[in-house]
Each structure stands twice: as C-alpha cells, then as structure tokens.
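> The sequence and its predicted three-dimensional model are supplied below.
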Amino acid sequence: MIQNKPLRLYVPEPSGRPGHETDFSYLHLSPAGEVRRPPVDASPADTSDLAYGLVRVLDDDGRAVGPWAPQMDPQLLRTGLRAMMKTRAYDARMVIAQRQKKISFYMQCLGEEAIATAHALALQPGDMCFPTYRQQGLLLAREDVSMVEMICQLMSNERDPLKGRQLPVMYSYKRAGFFTISGNLATQFIQAVGWGMASAIKGDTKIASAWIGDGATAEADFHTALTFAHVYRAPVILNVVNNQWAISTFQAIAGGEASTFAARGVGCGIASLRVDGNDFLAVYAASRWAAERARSNLGPTLIEWITYRAGAHSTSDDPSRYRPADDWQHFPLGDPVARLKQHLVDLGAWSEAEHEATKKELEAQVSAALKEAERYGSLADGHMATAVSMFDDVYKDMPAHLRRQRDELLGMKS
Ligand SMILES: Cc1ncc(C[n+]2csc(CCOP(=O)(O)OP(=O)(O)O)c2C)c(N)n1
Ligand SMILES: [Mg+2]
C-alpha cells in the first residue's frame, strides 16, 4: 500500500524580526556596472537576464560606471538631488503636522525619493502618471503644483482642490500629469494601460506610467494590466516599487522570494528590468530606456525598483512591532540622497556646505508653505469645504433629484 505523506503549505517568513537583524542576502544584488544595456528595441524575451539581475550605475565609491551610466549634465543632477531633498523635507514636516493634529493622516516615502524624482525628470510634459500614495516626488520634482496647494489638500481646508473628498496624500493634478490617486491598490495599473491604449488609438504621442507596490502585485488588476499591455503593446511604463514591505507583510508573501517581480513581466511577454531604486542615475537611465520604447511603439516595459521603505507605512503604523528598528541602516543599497550627494561632491559639482545650506533653505520653504496653507484653515479649526459642496463637480448638468437634495440641505442649514 502506498503511504503518502500529508500535504503541507510553505509560508515565507522575513529574514529579520525585532531583536533579530535582517539577513539581506535574499536581495541578490549585482555589482554596479555589471548588467548589460540592450538596445531599446530588444525583444521582451531578450530582457530575461535583466529581470533577475540588478541594473546599477553608482558604485560604492559614488562613481558612475557601466553601460547604463547616463550622460547627464551636472546641473540636472543637482536639480535631482534638490528634488529628493525637498521631498524628504516635505515628508518630515508633514509627519510632524499630523502629530500636531493639523492633518489627519500622512504617508511618507523616506528612502524611496530617487524613484519618483528621477522618473519625473525622464518623462515629457503631457505624459500621465498613475501614482500610488508614495510618489509625491513626481509633483515635487516637476514643480508644476505649488507646495501650498498640496498642503491644502492634506489639510482638507477651504483651498483643498478636492474639497475634502480624498484622504490626505491622495492628490489629483491632471495639469501636472498626475492622475487622481486611487485608494484601491493596483487599479493604477489597469487605468494606466487603458489611458496608454487610448493615447495610441487617438494617434497621440503621450505615454502613461503606472505605479504599484510589491504587495499590491498580488491583486488581479496587476495581472490583467500586464495582459492588455502585452497584447496591444500599450505605450506604458509599469513600475513596481519593491520596498520590501506591504504594511507589516514582507514582500515574499506577495511572491518575491523564489522569483522577482520583474520576472512577471517577461513571463507575460513584456520587456522587464530589475533596477537599484536607490541609485538616482540608474532610475533615470532605466526610465529613459522604457520611455523611449513606449514612445517608439515598441511596447510596455515593466521595471521593478529595489528599495526600502525606511519609515512607517503611514502615520497609523508602528514598524518596530514587526521589523528591526535599525533595518534601513543595514539595507545594502543605502540612502539615495547620500549616494547622489557623494557622486556630485566627487564630480566637484556639490559640497558639504552647499548641502547643509540647501537643506536649511528647503526646510524653510516647506515651513513657509505650511504656514500659508494654514491660513486657509486646518483640521484643527474646522475650516473646510461646506457639506453642500458635495454636489459640485459630479455632473456637468446636475440632475433634478440632486438639485432637490441640495436645496433641501441648504434649507436645513438656513
Ligand atoms: C485593494 C486594496 N487592498 C488593501 C488595501 C489596504 N492597504 C493599503 S496600503 C497596503 C499595503 C500596500 O503595500 P505595497 O503594495 O507593497 O505598497 P507600499 O505601501 O509598500 O508602498 C494595503 C494592504 C487597499 N488600499 N486596497
Ligand atoms: Mg511595499
């Protein structure tokens, strides 16, 4: 008689927990400069090795090495460093504003600043990003939207362009190529692919860029988007930000252990890259490569950005409960701001003194913006859009039943 063993499931565990240092060897890093750069018209299958390797430009000494090193004017690099520093200063101040009860909620992108800022500089005006709540760097790098306006959204005050209808951080700026953030994770991917397809159907020249986290790739929308993007060669960049955590859930639970998230793309017939997300130059170079493919009707590119969520998931989270408190200090890909700073200092295009002065200047800029935004009200003083404003901006011509309800509400208030 055959004796079958009882079946059992495998449940991945993180390699670090509070009081037990993380073993980051699971990341499988390639040395800087080692991974090849295929031509932009490479076939998706010809990117297989890139989906398992790691595109890196900046080495441990801050030098730009290898085939992906982009030709970037030092002035553009300085702009990039400033954008990252501004994002960091903005986040740090808004976390404090939440603790001061001026805003109800906040999400920072500490440690991930290179990804959105370098990507923003690699796109063209008119392209549309479909971000998550961790790409405020797209807005802060491009400077199409004032910080005051952004903070008014966080405060849900009288000048909040979204009239308090969205959670703080869920910005919406069509004019800045920043599609309304959807709280329902992974919807960004199907929306971006649809938008990119529409752009192609119209014969336009604009491309889309979609954003998702490691955890959200487990959603069906991610896989649906990949199929449509592949089949119709949609002009879209599919960004997977693998910051190792989805709140308290380690990335292996979403399937990042025995494979890579970039490899999902190759399996779907999509050119795919796995890139050091804390390397500003690598982010810029890979984003340019993917944008050129999309703009040349060569189809989508999936990019997995390897990074680390250095802060809490949100102001409602306490990561010291589920991972070592000093994890970020040991993350092998370091701090994106420190790495670009080192590169620029070595080029002679930046200095310690300039860094300190810029940091102070940006902190002052954020504080001044916060102060001005507070003049239009904050959570603390109840100056927010009136309840009756909920009828605005929904229909071009308000239907009769809503007009009745609005009048009823106005009547009740008077
Ligand atoms: C469809 C859906 N499921 C669950 C949530 C609740 N939720 C909000 S953020 C989050 C974690 C997402 O992690 P990840 O995709 O890795 O992105 P990260 O926060 O790390 O940037 C979850 C589960 C949600 N907003 N939408
Ligand atoms: Mg994550």
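Cool, got the structure. Ligands and ions are numbered 1, 2, ... in the order given.

> Just give the number of residues close to Ile270.
By other Cβ atoms under 10 Å, 24 other residues sit near Ile270. C-beta here means a position set from N, CA and C on the backbone, and glycine is covered the same way.

> Show the pLDDT at it.
For Ile270, the pLDDT comes out at 98.

> Quick check: phi and psi on the residue in the stretch 101-250 of the chain that ligand 2 sits nearest to?
Proximity of the stretch 101-250 of the chain to ligand 2 (Cβ to the ion) peaks at Gly213, 3.7 Å away. Main-chain dihedrals, Gly213, degrees, to the nearest 10: phi -100, psi 170.

> State whether it and Gln188 are indeed in contact, as I suppose.
No. Here Gly213 does not reach Gln188: they are 9.9 Å apart, not a contact under Cβ atoms under 8 Å.

> is it fair to say Leu302 lies in a helix?
No. Going by DSSP: H, G, I helix; E, B strand; the rest coil, the assignment for Leu302 is strand, not a helix.

> Which element, helix or strand, includes the closest residue to it other than its chain neighbours?
Spatially, and ignoring its direct neighbours in sequence, Leu302 is nearest to Gly265 (3.1 Å; Cβ to Cβ, 6 or more residues apart in numbering). According to DSSP states H and E, Gly265 maps onto helix 261-267.

> is that helix anywhere near ligand 2?
No. Helix 261-267 lies out of reach of ligand 2 by Cβ under 5 Å from the ion, never closer than 10.3 Å.

> Is that helix positioned near ligand 1?
No. Helix 261-267 does not reach ligand 1 (Cβ under 6 Å from any ligand atom); its nearest approach is 10.1 Å.

> If we go by neighbour counts, what in that helix is buried?
Neighbour-count burial for helix 261-267 flags Phe261, Ala262, Ala263, Arg264, Gly265, Val266 (criterion: 16 or more other Cβ atoms under 10 Å).

> May I see those organised as JSON lines, with pLDDT and distance to Val388 added?
Output for the buried residues of helix 261-267, formatted as JSON lines (pLDDT from 0 to 100; distance: Cβ to Cβ, whole Å):
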{"residue": "Phe261", "pLDDT": "98", "distance to Val388": "45"}
{"residue": "Ala262", "pLDDT": "98", "distance to Val388": "49"}
{"residue": "Ala263", "pLDDT": "98", "distance to Val388": "52"}
{"residue": "Arg264", "pLDDT": "98", "distance to Val388": "47"}
{"residue": "Gly265", "pLDDT": "98", "distance to Val388": "47"}
{"residue": "Val266", "pLDDT": "98", "distance to Val388": "52"}
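
> Looking at these, which is nearest ligand 2?
Phe261 (10.3 Å).

> That closest one is in contact with Glu304, isn't it?
Yes. Look at Phe261 against Glu304 with Cβ under 8 Å: they come within range, at 4.4 Å.

> Overlap of the contact sets of these two?
Residues touching both Phe261 and Glu304 (Cβ atoms under 8 Å, 6 or more residues apart in numbering) are Val240, Asn242, Arg274.

> still on that earlier bit, between Gly213 and Gln188, which contacts overlap?
Thr132.

> Which one's more surrounded, these two?
Gln188 (29 against 26).

> can you count the residues close to the residue nearest to that one when sequence neighbours are not counted?
Using Cβ to Cβ, 6+ apart and skipping residues adjacent in sequence, the residue nearest Gln188 is Phe130, 4.0 Å away. Number of residues near Phe130 (other Cβ under 10 Å) recorded here: 28.

> Give me the contacts around the helix holding Gly265.
44-45, 47-48, 50-52, 214, 217, 222-223, 226, 238, 240, 242, 254-255, 271-274, 300-304.

> what comes up buried for whichever helix in the chain runs longest?
When the chain is parsed with DSSP state H, its longest helix is helix 74-99. Residues of helix 74-99 classed as buried by neighbour count (16+ other Cβ under 10 Å): 77-91, 93-95, 97-98.

> Next, give phi and psi for Val240.
Here is the backbone geometry of Val240 (degrees, to the nearest 10): phi -110, psi 110.

> and this structure, which of its residues are near ligand 1?
132, 134, 183-185, 213-216, 219, 241, 243, 245-247, 309, 313.

> Now list the buried members of those.
Burial by neighbour count, 16+ other Cβ under 10 Å: within the residues of the chain next to ligand 1 this picks out 132, 134, 185, 213-216, 219, 241, 243, 245-246, 309, 313.

> Most widely separated two among those residues?
Glu219 and Arg309 (18.4 Å; Cβ to Cβ).

> Apart from its chain neighbours, what residue comes closest to Tyr284?
In space, Tyr284 is closest to Ala118, 4.2 Å off (Cβ to Cβ, 6+ apart).

> Spell out which helix or strand contains the one you found, please.
Applying DSSP H and E as the criterion places Ala118 in helix 113-122.

> quick one, that helix and helix 74-99 angle?
Interaxial angle, helix 113-122 versus helix 74-99 (axes from the mean of the first three to the mean of the last three Cα atoms, to 10 degrees): 130 degrees.

> okay, helix 113-122 in CSV with CA atoms only?
The C-alpha trace of helix 113-122 is given here as CSV (Å, rounded to 0.1, in the frame of the first residue of the first chain):
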residue,chain,number,x,y,z
GLU,A,113,12.9,59.5,-3.1
ALA,A,114,15.1,58.7,-6.1
ILE,A,115,12.4,56.6,-7.8
ALA,A,116,9.7,59.2,-8.3
THR,A,117,12.0,62.2,-8.7
ALA,A,118,14.4,60.7,-11.3
HIS,A,119,11.4,59.2,-13.2
ALA,A,120,9.7,62.6,-13.3
LEU,A,121,12.8,64.1,-14.9
ALA,A,122,12.9,61.3,-17.5
